[in-house]
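Peer 1: 3D model of this:
(chains A, B, C and D)
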There are 2 protein chains.
Amino acid sequence: MKKTPTVYDVAADAGVSIATVSRVFRRPDDVRASTRETVLASVRALGYVPSASARGLAARRTGVLGLFFPDFDVVDEGDAPSDDLSGSASRVEVVRDIPDTGGAQRADLYFDEVLRGSELQAWHDGFTLMIGVGRGSNPVEVVTDIAGRVDGLALLAGSVPDSLLEHVSRRIPIVLIAGARRDDDFDHVMVANADGMHALTRHVVDDLGVRDPVFVAGPSATADDVERHEGFRRALAESGIDAEALPVLHGDFTRAGGRRVAADLLETLAGAAPPRAIMCSNDQTALGLMEVLIAAGVRIPLDTIVTGFDGIAESRMSSPRLTTVQQPMIALGRAAVATMRSRLEDPEQPPMARRLPVKLLLRESSEGSA
Amino acid sequence: MKKTPTVYDVAADAGVSIATVSRVFRRPDDVRASTRETVLASVRALGYVPSASARGLAARRTGVLGLFFPDFDVVDEGDAPSDDLSGSASRVEVVRDIPDTGGAQRADLYFDEVLRGSELQAWHDGFTLMIGVGRGSNPVEVVTDIAGRVDGLALLAGSVPDSLLEHVSRRIPIVLIAGARRDDDFDHVMVANADGMHALTRHVVDDLGVRDPVFVAGPSATADDVERHEGFRRALAESGIDAEALPVLHGDFTRAGGRRVAADLLETLAGAAPPRAIMCSNDQTALGLMEVLIAAGVRIPLDTIVTGFDGIAESRMSSPRLTTVQQPMIALGRAAVATMRSRLEDPEQPPMARRLPVKLLLRESSEGSA
DNA sequence: CTGTTCGATGTATGCGCTTACAGTGGAGCC
DNA sequence: GGCTCCACTGTAAGCGCATACATCGAACAG
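Peer 2: Residues are numbered from 1 along each chain as shown, chains lettered A, B, ... in the order given. Below is the predicted model of the structure:
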């Protein structure tokens, strides 16, 4: 590995100017076919690979889009960093593996899906994707680092302080994922939280005839929760029910939180009949809650109907399977990238806010399986 | 968004030279504390974010490592690319979702894990990771593109033509994942395929007393399959069994391939008793095979023992759960990144080949559940 | 008080590429 | 034959930053 070849080397080898070498890659049609072949031959002979740094600097765009997610499962899995690169260990450990009780270890299915959508769209639009995961404490470094490398950045709303957003937005366009549109100038992509919960509530009230569903809220600070709760209230109002008179429980969007809510509820009931329906602000909460209720002998949906929101994979694998509102996560990723592309093409257009439709999935936790 | 600020702007604003601004970021200790504060104040005021392109060009290193995987699930999920960014669609579709028969949609759990390990290690070593997925046809463009952006690149062995490897290796160090060490000069990280299959085979032969296990091979071109088969043969030889006399079936590492193998086998048997043990070269094959055998009334492990190799998540969720050899996928990712780091630190050291130990997971597909 | 040393900062150069702009020569035309 | 036009190629000027080297003072030893 002597010296990595550059345009100059290729130009010299092919007997042309560096401009021509550059054109062969950037605008092949502007170069005569025979010249192009000569240059490409030199490229192959020398093993030339264009430097993205130099190109990015000269062209003022990198062709990379960034995606930032806060970290969730930072668990290091007890797998120590590889520092020693010592030789081969060929001892085979034998383990009698017993069935575990399950429990999703990866809470980030949501991001996996969004990422997948982003990637598909990035490929479609000719971009490369750079993903950053908020490591532990301070997202500032990570985000700034990425911001210096990309042409545009999409982040989960609320994952970084506004000041940081303002800062990096001086350099590149920012797209916020899944946050409510506030009075900022950023572009947004989000889902129809309120409409989804509204439709689900209507189903529970009108079709299933429950006139006093209990709502389990999430962290009150999140836009997602606020919007869902609003959809819930709106649906009740339409049916002439006073939502304010109904009890509201408080989870935190985690499965553990759902368990806690259920435990508290059971304690409060002290043996009385449980509510006819419990509508949770997200799936994790609903799943944790179901776990505890079922363990306590509550029959779902016979005694109590339970619903969630998100449509994560686990919601399909519980028993009974969870009725929920499915977010279009892949579409969310696609929309985020498409929005960035659009913004890059026309930086002057007014802030965009795109809201994606959701889908109501009726399953056994809210009705008979047939 | 007027003009993105540069070092010059910051330098002017802070009343220092651009060298000082640069030092504030690169070598803060070389700058007097008071000067540093002045500069940082200007940085905040202007919203300055260093350009990675310029830095990469000047410093001749980008701080990014690349990871390339061939594509597996290119399925577009019927989810069309977002071209229109039109307004909000708030109609909620309602779907009566019936339980599906499952079937893993994502065959790339393997890569997810390796990716996770790579990311952990990259973070540990202060690198950013750029992942590339071989889209459809030609990996050449993707790989060259990435190669121009990173300081080092790790790829799944066999995923791209050797000529491409030679080409890009003129620019950056290459690490091959999971391929057999050939007579090349690349660095390698891999797992103890042969040892793992050897241990598993010994278990089947010695502990379970099966003296005529059937081997289901994978694509013959892959090093993984070759090594596993070799481990199988070695174990038999040690027990004085003539491996050559035993039948070998041929899968292709996919679940569908496993189903096909099973169907063919059942047809061949024409009602006769199935083999006492079927040892597959990977999990997907074993899972597909089990599906078909079970559907045909074969009791596993009572009539036939089935084993796999890889330890993918699905192997833990089948019934019966699959006895298999677990690859240290996270560790593989870590090792790949650690190897690149090491190579970058000392480009002159001889090629490295690191082989990671595997773990034998005994589960119900090879024995009673108690 | 002068020569030395060293920490802090400025000066100047170049990293490898893109891209306006300026040739350059041949074909087509009057 | 001279002129225009066009397709192609070369010239040259940065892009924003890192860094070797020069410079400048002040602290310090003699």
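Peer 1: A:G66 falls within a helix, correct?
Peer 2: No: secondary structure of A:G66 (DSSP: H, G, I helix; E, B strand; the rest coil): strand, not part of a helix.
Peer 1: check contacts around it.
Peer 2: For A:G66, the contacting residues are A:L129, A:M130, A:I131, A:G132, A:I146, A:A147, A:R149, A:V150, A:G152, A:L153, A:A154, by C-beta atoms under 8 Å, 6 or more residues apart in numbering or on different chains. C-betas here are computed from N, CA, C, even on glycine.
Peer 1: One more: A:Y8?
Peer 2: Per C-beta under 8 Å, 6+ apart, neighbours of A:Y8: A:I18.
Peer 1: Could you do A:A194 as well?
Peer 2: A:E227, A:R228, A:E230, A:G231, A:R234 are the contacts of A:A194 under C-beta under 8 Å, 6+ apart.
Peer 1: now do 6 Å
Peer 2: Contacts for A:A194 (C-beta atoms under 6 Å, 6 or more residues apart in numbering or on different chains) come out as A:E227, A:E230, A:G231.
Peer 1: still on that earlier bit, inside strands: which ones of the contacts of A:G66?
Peer 2: Among these, the ones falling in strands (DSSP state E) are A:L129, A:M130, A:I131, A:G132, A:G152, A:L153, A:A154.
Peer 1: By proximity to DNA strand D, which residue of the stretch 101-250 of chain A wins?
Peer 2: Using C-beta to the nearest atom of the strand, A:G148 is the residue of the stretch 101-250 of chain A that sits closest to DNA strand D, at 7.4 Å.
Peer 1: give me the number of residues near that residue?
Peer 2: Around A:G148 there are 21 other residues, counting by other C-beta atoms under 10 Å in any protein chain shown.
Peer 1: How about A:R316?
Peer 2: Number of residues near A:R316 (other C-beta under 10 Å) recorded here: 18.
Peer 1: where's it relative to B:A52, distance?
Peer 2: A:R316 is 41 Å from B:A52, where distance means C-beta to C-beta, to the nearest Å.
Peer 1: Mind checking which of the contacts of A:A194 are buried?
Peer 2: By neighbour count, with 16 or more other C-beta atoms under 10 Å in any protein chain shown, the contacts of A:A194 hold A:E227, A:G231 as buried.
Peer 1: A:P173 contacts A:E345, doesn't it?
Peer 2: No: judged on C-beta atoms under 6 Å, A:P173 makes no contact with A:E345 at a distance of 10.6 Å.
Peer 1: Who has more neighbours out of the two?
Peer 2: Between A:P173 and A:E345, A:P173 has the larger neighbour count (other C-beta under 10 Å), namely 22 against 8.
Peer 1: sorry, back to before: which residues sit in contact with the residue of the stretch 101-250 of chain A closest to DNA strand D?
Peer 2: Applying C-beta under 6 Å, 6+ apart, the residues near A:G148 are B:V49, B:P50, B:S51, B:A52.
Peer 1: for chain A, what are the low-confidence residue spans?
Peer 2: Scanning chain A for pLDDT under 70 picks out A:1-2, A:72-90, A:98-109, A:136-137, A:181, A:368-370.
Peer 1: What helix or strand is the residue nearest the centre of chain A located in?
Peer 2: Nearest to the geometric centre of chain A sits A:F111, at 3.3 Å (C-alpha atoms, centre = their mean). Using DSSP states H and E, A:F111 sits within helix A:109-125.
Peer 1: just checking, what packs against that helix?
Peer 2: Using 3 or more C-beta pairs under 6 Å, 6 or more residues apart in numbering or on different chains; DSSP states H and E as the contact test, the elements touching helix A:109-125 are strand A:64-70, helix A:329-345.
Peer 1: at 10 Å instead, please
Peer 2: If you count contacts as 3 or more C-beta pairs under 10 Å, 6 or more residues apart in numbering or on different chains; DSSP states H and E, helix A:109-125 packs onto strand A:64-70, strand A:128-134, strand A:152-156, strand A:174-177, helix A:283-295, helix A:329-345, strand B:128-134.
Peer 1: Which ones, among the contacts of A:A194, also lie beside chain B?
Peer 2: A:G231 (C-beta under 10 Å from any C-beta of the partner chain).
Peer 1: Throw the contacts of A:A194 into CSV and include distance to A:V248, thanks.
Peer 2: Below are these laid out as CSV (distance: C-beta to C-beta, whole Å):
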residue, distance to A:V248
A:E227, 15
A:E230, 13
A:G231, 14
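Peer 1: What about the contacts of A:G148, which are in helices?
Peer 2: Of the positions in these, B:A52 sit in helices, assigned by DSSP state H.
Peer 1: nearest to chain B, of the contacts of A:A194?
Peer 2: Among these, A:G231 lies closest to chain B (C-beta to the nearest C-beta), at 9.7 Å.
Peer 1: I'd say the closest one and A:T201 touch.
Peer 2: Yes: in this structure, A:G231 is within contact of A:T201 by C-beta atoms under 10 Å, at 6.7 Å.
Peer 1: Check the stretch 151-300 of chain A for the residue nearest chain B and tell me.
Peer 2: The nearest approach of the stretch 151-300 of chain A to chain B comes at A:R170, 3.1 Å away (C-beta to the nearest C-beta).
Peer 1: secondary structure class for that residue?
Peer 2: coil.
Peer 1: mind checking how far it is from B:G56?
Peer 2: 21 Å.
Peer 1: now A:A52
Peer 2: In this view, A:A52 and B:G56 are 8 Å apart by C-beta to C-beta.
Peer 1: Please enumerate the shared neighbours of these two.
Peer 2: Listed contacts common to A:A52 and B:G56 are A:T62, A:R149, B:T62, B:V64, B:R149, B:V150; contacts here mean C-beta atoms under 10 Å, 6 or more residues apart in numbering or on different chains.
Peer 1: Now do the contacts for A:D225.
Peer 2: For A:D225, the contacting residues are A:N193, A:A217, A:G218, A:P219, A:H250, A:G251, A:D252, A:F253, A:S281, A:N282, A:F309, by C-beta under 10 Å, 6+ apart.
Peer 1: And for it, nearest residue in space, chain neighbours not counted?
Peer 2: A:G218 (3.9 Å; C-beta to C-beta, 6 or more residues apart in numbering or on different chains).
Peer 1: Stretch A:37-52 and DNA strand D in contact?
Peer 2: No: Stretch A:37-52 is not in contact with DNA strand D by C-beta under 7 Å from any atom of the strand; minimum separation 8.5 Å.
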